[in-house]
Every structure is written in structure tokens, then in C-alpha cells.
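Trainee: make a model of this:
(2 chains)
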2 protein chains.
Amino acid sequence: MEASQDFARAEQPRLEAPALKRINILGVTGTIGQNTLDLIARDPDAYQLGAITAHRNVADLASAARQFKAELAVIADPSLYKELKAALAGSATQVAAGPSGMVEAGAHPAEWTMGAIVGIAGLKPTLAAVQQGHCVALANKECLVSAGEVFMQQVAAHDTVLLPVDSEHAAVFQAIGANPSSAIEKITLTASGGPFRRLSKDEMKEVTPRQALQHPNWSMGRKITIDSATMMNKGLELIEAYHLFPVEPEQLDVIIHPQSIVHCLVEFTDRSVLAQMSSPDMRTPIAFALGWPQRIEAPTKPLDLIELARLDFEAPDLDRFPALRLAREVLKLGGGAPAVMNAANEIAVAAFLAGEIGFLAITALCEQTLEAMMQLSALPAPQTLDDVFRIDQAARRLAREELPRFAI
Amino acid sequence: MEASQDFARAEQPRLEAPALKRINILGVTGTIGQNTLDLIARDPDAYQLGAITAHRNVADLASAARQFKAELAVIADPSLYKELKAALAGSATQVAAGPSGMVEAGAHPAEWTMGAIVGIAGLKPTLAAVQQGHCVALANKECLVSAGEVFMQQVAAHDTVLLPVDSEHAAVFQAIGANPSSAIEKITLTASGGPFRRLSKDEMKEVTPRQALQHPNWSMGRKITIDSATMMNKGLELIEAYHLFPVEPEQLDVIIHPQSIVHCLVEFTDRSVLAQMSSPDMRTPIAFALGWPQRIEAPTKPLDLIELARLDFEAPDLDRFPALRLAREVLKLGGGAPAVMNAANEIAVAAFLAGEIGFLAITALCEQTLEAMMQLSALPAPQTLDDVFRIDQAARRLAREELPRFAI
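Mentor: Numbers count the residues shown, from 1 in each chain, chains lettered A, B, ... in the order given. This is a model prediction of the structure:
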């Protein structure tokens, strides 16, 4: 038979991918950074690596710089500058270090930047990439949770595109596709429910960091794995989704889906729902961002629904997982509240991992810190990065002060 | 919080819906036609009804013409012309009848035409709409199964858009969205498996038309309900999908999904899968076609995955449902083979419903007719509508000749 309809001509993307894509990777030694390198290594002629950065992992940073002939390698910890310099001696890679070096990496000329620095440290370098007009693949939560307004204003001002890399947000981005915002009725993020989906509140009181670090489906960093166990991760994702997509807080929902195959559901006004699915492998959402607006290949195991046989769904339990309820309240509060909750949560998770507080105290500390902050100030939305840092630091201070009340 | 990112600017549809959409409905008295009227009635100021047609149902045709102030009403059976004329006396609606009237209806000025005539009778009127450059919502299988090459050549020549209305194909159209054809790895249509999903072949031998007409999820016409029971319907849909979407036969697959909630799965090269879901209500795919490239509202029950709790998937059994195997072979054969299979199937289903042949004989007769036809001719692809009608008539004749061999 012959070729088919010139499909959906009216909606073909207009952008052509350049023959050689110049890319930066901010946070190259973490899970997201390494998976990005894995994809690039499969088609090395398609990419030119500009700047890459790491926090303190000199060995992997230098190794990536040599293998991919990076133009610039930056180590965040300035005390490691000489070590990095030595490791890259004789290579063509330039070397820098410290906060100014990290911003230099973000602003390094490129078409595409992976923003995969963990925590508030990612804010300035990622924003530098946005301000250079790079297409930014975003895997840093703080840019949107703590600094959503500031960050999205810059994205709009520099007329660039933000491609979410979180599997749920990458899923929503794809499911919305070319649909206009007026067509969207509801966005539902799925949550595995984590390792404690079936535990009672009493049982949760007793769980250890070791148990909480056993995520059923995903292999991730320690902080995000604990956030998955409390479901604070899904709460943070709701706040991110609010900034990324043109919806109101009440149009955002969460559903429990233990198999982590369906990553989102987008319902439209005609009651059609588009869902994105894949095997749980971060290389698929990274490949989506790397290839956009085309699609490249990813080595992810193809989805086999016959093998899976069934997909399950249930309502989240806001009583056993109060972090999700808190995050919804914080999303409605807006202003500086998300930045406070996020900062308190970082302190709480670190304290839990250090054995200082119990599992249920993680969310309780967040809630307590937020209440204390709101008694001190009206928590307006941060208008500048300095505002964000100020709120973040104040919330951390307060959370540390409250910590002893929750000590085991 | 403030407004979000100007989402995916590069891919917003360029087309603006006209303030008043002029539409024709070919086959207004069937399930699809009536559901289309239901949607129009909910927003009457948005649409102007041009031509509407029916096969023999004068009462419903006249009633629709009066209610929606249609410009032209056409009855296919010319012997009913006077009856229709009388029923519309005093209205502003013009009246016509017979084959030329049906083509006149198809060519009646409009932006959008619903092609919902059942069977080979739909070919000429629907093609007339394509040739006028209407955006055509297609609910007629024969246009693509029997005349795919001819039909799609005309769609391309008149630079118009074909919007599939079958729930599975509407699903695929949405899931592909703005993705380029090079991004598509595989298209999987879902099938409920019909009422006999769990029956053995021996049990299927004995089933009655009454049992076969009990579809578990959808309320549809008799012919398509029997086709769902044999799974020939899914086979015909594979052939339609081949013409609608830019894929090769081996990129098309079928999976059993008893709940009929997920209507398709489109896998991309990065192993991301977009699936379309909805409650089983034809008003959702019709609303998609009616609103495209915008989305309008549909009164369909919103999908509730928490209530559904689970979605199941399994492999189709080609031994118990040989129609699916036959259709795949026919798809690979190409040429005139799909037209032959489709014609033989119509004869076989009518014979089954009349109690002349058993359930398993339906597919057996199709296979036998195809073999007999191939001994007579090489079955090249029809190049004109006349070729299509010739093959169709020859196949029907042959199927009727073979029929007695399968008599109960």
C-alpha cells in the first residue's frame, strides 16, 4: 500500500533541530547528569558539550570532561579548584570553581542546558541559562518550588522554553502537546505511594531511614527517596506543575498508581484524557527534553502492558500522608509559603536520615515551621532571587530551632 | 500566584475556529449522527446545519431538519422523496433523494462534514465532501478499508484534514498530536475482546446472534457489534489506522483491554507512550472532531480511575479470534484484498444474523472468499471508485456463492 495522509499538517512543529546541538549540563555527576551523558554517548556526533559542573565529585567531573571534550568544567566547592585543574591538565577543557564559576557555567554559550543541580544551589546557575535564552531542561525542584514566580518571569522575559525532566512533568508536557490552555480541564500526577503505601500511621512512627530508602520502583537520590516515602515529593511536584502549566491549583490532582507506569493524566474539556506511560527509567524523560521538538531514541525497556497485565489506581490517603495535604494548602497560600515548606523539609529530611527525628516528624516539622514563619510575616511572594534566599535561610533557621521539639 | 509559562508556544495550533461553523451530517439518523446533533444542540449558536442525509428514516431526518433549520435534507432511497417532501412542507429546508442527491449533500457548502453513512453507500458522498475541501470527520469504515488509496489520494490532493471518529482512531490522532511521523515507533489499538473473550472455540460454535449482540461496553449498531464479537472490527480498524497514520503494517498492534477505557497506545522512539482514555461514550471522539483544532465541551461522564480501580491488559488470541489474524494478513497483502475481506464480511454477518451460518463461519467465509478471489485475479489496489465498486460487487457475489458450504 502507499504512503498515508500527510498527518496533521497544521500542527507539525516549526522548529528544526540544529545539526550539532551545543549543550551544558549543570550537575553532571548526579543521576540525571549521568543519564544525560549516557544518551549523548549513544549519538556523540549530534552534540557538543559546553559547560559541565559538579558539587564536589572531581573524579567524575574530570572524567566526563575528558570523555566528551567539554569546553568548561566547574566545581562548586572552591577548595577543590586545584584538584580539578590537576585532573584536567593537558586537556582543552577550561576550569573554574565556586559560585561565580557555577554562574559562568550556566551562562556558557549553548542551545540547550540540563539544570540538574540539587537544591537551592541550582537557582543562580539555572537562571543564568534562562537569561541566555537557552532551552532549559529542568530537573531542579527549587527553581519552581521556592522561586516559581521569579523563575517563570525570567523564562517569559527571555522567550525561552522550559522542558520539565521530572517524569511526571515531562509526561504532562507531552500529554498537553499542542492543546491550548483553554482545553485543559484537569491535570493529575500519579504517585507510587512509596514504600509505606500500606502502613498504618502507628507503623510509620517506627520506620527507619533504611526502610524509607527502599523505593519500590525508582532508583533516585536519598533526599528525593525520603520525599517519596512521605509523599512530600508529590506535594512539591504539584507546586512545580502549577508554575509549569497554565492551570489553577484546583485543577491539579494526585492519584496513587503503585506500578509507576502511568506518569500523568491530562483531562480535556471534551472528557478525553491523555496519559503518558513508560517503564520507570529517567532516560525517557531526559531523551524527550534532549530531542525536543523532535524525538530521539532512548535505550529504555519498551513498555509491555501484556507482561504487566494490570494497572492499579487508588485515592491518596491525606491522613496517613499529611505532606500531600500540607503541600496543597501551601499551593493555595502561595507567596513565600512554598519556599518555607521546602526549606523546612530539607532540614527535616536531613534530621531523619541522621536519626534525630522520626518519620512522622518530617511533615510535622514542616507544618510547625510554616506556622511559626507565618506568625512572623505575611510571607509575600519573593520578587527577586535575594528574596528567595532570604526566605529560605530564615525558614531553615526556624526549622533548626524547632527541631529539638521533635527529637526522638 | 501569577500566571504560568506561555505554554509550548512553538506548537500552538495556527488555525482559528470560525465564529459560526457550517456543518453537514451525512447519515444523521444513526448513532453517530444523533450524537453529533446532541452536541450541536448544546451550543446551537456555534453551528449552521447545511446538508443532512438518511437512508430510509424519513421521520428522524425531517425532525432533525426542522429542529436545526438544515439547508438541505436528502433521503437515499428515492422512493421516499415524496414522503420527505411532505414531512418538510412549509420549512425552508430543500429536499433531494437518491444517489445524486446524496452526492449533492456531500458537496453542499460547509467547513466541516460528518461522514457517518454506514457501508459502501458512504463512499461517494464522503468523497464529494473531501473534494470540496471540507474538514471531514470520518465514521465510515469502507472509505478507508475498501478504498483507502483512492480516498487518501483525494484527501491529499484537496489538502484537507481527515479527523477519525472511531474512538480508537480519534485516540491515536490525539496521542500523535504534533509529533513528527519519524518519532512514532508503534501504534497499538485496544480491543475489549467483545462478549466472547473467555469462550473456547467449541463454545463459540454454538453462540446465537442474540448473544453476539450483547456488547459488554459499547452501544452500537448490529453490524459493528457482531464485528466486535468476531474481532473483525479490530482487524478493519488496523487497516483504517494504516491509511490514517504514517506507519507501516508491522508498526500496528492490538492489545486486549476489557474495560474499554484506554483506546490506544502510541509509542515513540524515546519509549514514551501516550495513551488516550475516556469513558466509553462516542460524544467524546465526536466532540474532538467537531471542536478541532480547539476542544469543546462534551457531556461524557468524566473518567474516574479511582472508581475503576484497575485496568487490565492481555494478548489477543489469534486462534480463537482468527478474524484478527486474517485482517493482519490482508493488511500486508494490500491491493484489493481489504475490499474483498470487507465485502465478504458484510455478507457473512448478515447471514449469521439471519440464522443461516454459525458464528465461526463468519471469518471462515471471509477467508474462503478471499482465497477464491485471489485465484481469479491478482487483486491490484483499486485506482478509482469504479474499481472499488467492481471489487466489492465481485466479492459479494463470490461470498454468496460460497455461503451454502457454511450453512448450518
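Trainee: and A:Ile23, bridged to which residues?
Mentor: A:Leu49, A:Trp112 (DSSP bridges).
Trainee: spit out the contact partners of it.
Mentor: Contact partners of A:Ile23, counting by CB atoms under 8 Å, 6 or more residues apart in numbering or on different chains, are A:40, A:47-50, A:110-114, A:290. Just so you know, the C-beta spots here come from the backbone N, C-alpha and C atoms, and that holds for glycine as well.
Trainee: quick check, nearest of those residues to A:Val330?
Mentor: A:Met114 (27.5 Å; CB to CB).
Trainee: per-domain residue ranges of chain A.
Mentor: A:2-168, A:175-279, A:322-403 (automatic domain parsing).
Trainee: for the residue nearest in space to the middle of chain A, give its distance to A:Leu26.
Mentor: In chain A, the C-alpha nearest the mean C-alpha coordinate belongs to A:Ala139, at 3.5 Å (CA atoms, centre = their mean). Noted for A:Ala139: a distance of 9 Å to A:Leu26, by CB to CB, to the nearest Å.
Trainee: okay, helices next: where are they in the stretch 51-200 of chain A?
Mentor: A:58-68, A:81-87, A:98-107, A:123-131, A:142-145, A:148-157, A:167-176 (DSSP state H, counting those that start in this stretch).
Trainee: between A:Ala139 and A:Leu26, which contacts overlap?
Mentor: With CB under 8 Å, 6+ apart, A:Ala139 and A:Leu26 have common neighbours A:114-116.
Trainee: identify the residues contacting A:Lys85.
Mentor: A:Lys85 touches A:Val95, counting by CB under 8 Å, 6+ apart.
Trainee: at 10 Å instead, please
Mentor: Residues near A:Lys85 by CB atoms under 10 Å, 6 or more residues apart in numbering or on different chains: A:58, A:62, A:73, A:75, A:95-97.
Trainee: quick one: the residue nearest to A:Asp77 when sequence neighbours are not counted from chain B, how far?
Mentor: Of all residues not flanking A:Asp77 in the chain, A:Arg56 sits nearest, at 4.9 Å (CB to CB, 6 or more residues apart in numbering or on different chains). Computed as CB to the nearest CB, to the nearest Å, the A:Arg56 to chain B distance reads 32 Å.
Trainee: what's the neighbour count on A:Arg56?
Mentor: 12 (other CB atoms under 10 Å in any protein chain shown).
Trainee: quick check: it touching A:Ile75?
Mentor: Yes: the pair A:Arg56 / A:Ile75 is scored as a contact, 7.1 Å apart, by CB atoms under 10 Å.
Trainee: hang on, A:Asp304 packs against B:Phe313?
Mentor: Yes: counting by CB under 10 Å, B:Phe313 is a contact partner of A:Asp304 at 9.3 Å.
Trainee: so which of the two has more stuff around it?
Mentor: A direct count of neighbours by other CB under 10 Å for A:Asp304 and B:Phe313 places B:Phe313 higher, at 21 against 12.
Trainee: for B:Ala351, find the nearest of the domains of chain A.
Mentor: domain A:2-168 (33.3 Å).
Trainee: check the offset of that closest one from the chain's centre.
Mentor: 14 Å (CA atoms, centre = their mean, to the nearest Å).
Trainee: hey, what's A:Glu314 bridged with?
Mentor: With DSSP bridges as the rule, A:Glu314 is bridged to A:Ile256.
Trainee: so who does it touch?
Mentor: Per CB under 10 Å, 6+ apart, neighbours of A:Glu314: A:193, A:197, A:255-258, B:305-306, B:309-310.
Trainee: give me the below-cutoff pLDDT ranges for the stretch 1-150 of chain A.
Mentor: Applying pLDDT under 70 to the stretch 1-150 of chain A flags residues A:1-18.
Trainee: and A:Ile382, how far is that from chain B?
Mentor: Actually, residue A:382 is Pro. It isn't Ile. In terms of CB to the nearest CB, A:Pro382 sits 11 Å off from chain B.
Trainee: same thing with A:Ala51?
Mentor: Counting by CB to the nearest CB, the gap from A:Ala51 to chain B is 24 Å.
Trainee: surely that residue and A:Gly115 touch.
Mentor: No: counting by CB under 10 Å, A:Ala51 sits too far from A:Gly115 to count as a contact (11.9 Å).
Trainee: need the residues touching each of these two.
Mentor: By CB under 10 Å, 6+ apart, the residues touching both A:Ala51 and A:Gly115 are A:24-26, A:106, A:125, A:129.
Trainee: out of these, which is nearest to A:Thr36?
Mentor: The nearest one, if we look at the shared contacts of A:Ala51 and A:Gly115 relative to A:Thr36 and count by CB to CB, is A:Ile25, at 5.5 Å.
Trainee: between the helix or strand containing that closest one and helix A:123-131, how many degrees?
Mentor: According to DSSP states H and E, A:Ile25 maps onto strand A:21-26. On the basis of axes from the mean of the first three to the mean of the last three CA atoms, to 10 degrees, strand A:21-26 is oriented at 160 degrees to helix A:123-131.
Trainee: now the shared contacts of A:Ala51 and A:Gly115 in TSV, with distance to A:Val145?
Mentor: Output for those, formatted as TSV (distance: CB to CB, whole Å):
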residue	distance to A:Val145
A:Asn24	22
A:Ile25	22
A:Leu26	17
A:Gly106	19
A:Pro125	17
A:Ala129	18
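Trainee: intersect these with the contacts of chain B.
Mentor: Among the shared contacts of A:Ala51 and A:Gly115, proximity to chain B is found for none (CB under 10 Å from any CB of the partner chain).
Trainee: and the residues you listed, which is closest to A:Leu385?
Mentor: A:Pro125 (11.5 Å).
Trainee: from A:Pro78, how far out is that closest one?
Mentor: 15 Å.
Trainee: neighbour-wise, which of those two wins?
Mentor: Neighbours were counted for A:Pro125 and for A:Pro78 using other CB under 10 Å; A:Pro125 has more, 28 against 13.
Trainee: which residues touch the residue nearest to the more buried one when sequence neighbours are not counted?
Mentor: Among residues not flanking A:Pro125 along the chain, A:Gly106 sits closest, at 3.6 Å (CB to CB, 6+ apart). Counting by CB under 10 Å, 6+ apart, A:Gly106 makes contact with A:24, A:26, A:51, A:53, A:74, A:113, A:115, A:117, A:122-132, A:134, A:136.
Trainee: do the same with A:Gly122
Mentor: Taking CB under 10 Å, 6+ apart, one finds A:26-27, A:53, A:102, A:106, A:115-116, A:138-143 in contact with A:Gly122.
Trainee: sorry, back to before: what's the overlap in contacts for A:Asp304 and B:Phe313?
Mentor: B:Ile255.
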